[in-house]
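**Student:** Give me a model of this one.
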Amino acid sequence: MKKSKAHILIVDDDDRIRELVKQYLNDYDFLVTTANNAEDAKQKIDIIKFDLLILDIMMPGKDGYDVCRKIREQGNTLPIVFLTAMDREFDEVKGLEVGADDY
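**Tutor:** Now for the predicted structure:
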């Protein structure tokens, strides 16, 4: 019996970064879906079961912290990893406090 591929959602408003991460994960045989903002991500999370969410923080409209917080408030246990250029310790702590699994 063939094991199904892990399905990963990448959320980033930067097309280049989103496509680079997608290609990297595709090369390792993951199934990848992308979203370019919080609303797009929410719509996809509501209808598709993902195994992992890779989430940028700095996006127009709702930022990654808002997305993560909302997911956790709904009781969703989807693993969330922040992938961001924000590298201050404060940002990492805040990301983990809102419910991310890693930063």
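**Student:** List the buried residues for the longest helix belonging to the chain?
**Tutor:** Longest helix in the chain by number of residues (criterion: DSSP state H): helix 15-27. Buried positions in helix 15-27, judged by neighbour count with 16 or more other Cβ atoms under 10 Å: 18, 21, 22, 25. Every C-beta, even on glycine, is put in place using the N, C-alpha and C of the backbone.
**Student:** If you average the pLDDT over that helix, what comes out?
**Tutor:** If you average the pLDDT over helix 15-27, you get 97.
**Student:** For that helix, name the packing helices and strands.
**Tutor:** If you count contacts as 3 or more Cβ pairs under 8 Å, 6 or more residues apart in numbering; DSSP states H and E, helix 15-27 packs onto strand 7-11, strand 31-35.
**Student:** closest to residue 53 out of these?
**Tutor:** Within the helices and strands packed on helix 15-27, the stretch nearest residue 53 is strand 7-11; the backing value is 5.0 Å (Cβ to Cβ).
**Student:** For that closest one, list every residue counted as buried.
**Tutor:** Within strand 7-11, the residues that count as buried by 16+ other Cβ under 10 Å are 8, 9, 10, 11.
**Student:** coming back round to it: turn the buried residues of helix 15-27 into a markdown table, columns for distance to residue 65.
**Tutor:** Output for these, formatted as a markdown table (distance: Cβ to Cβ, whole Å):
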| residue | distance to residue 65 |
| --- | --- |
| 18 | 18 |
| 21 | 19 |
| 22 | 23 |
| 25 | 23 |
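**Student:** contacts for the helix or strand of the chain with the lowest mean pLDDT?
**Tutor:** Counting by mean pLDDT, DSSP states H and E, the weakest-scoring helix or strand in the chain turns out to be helix 89-97, with a mean of 86. For helix 89-97, the external contacting residues (Cβ atoms under 8 Å, 6 or more residues apart in numbering) are 57, 64, 65, 68, 82, 84, 103.
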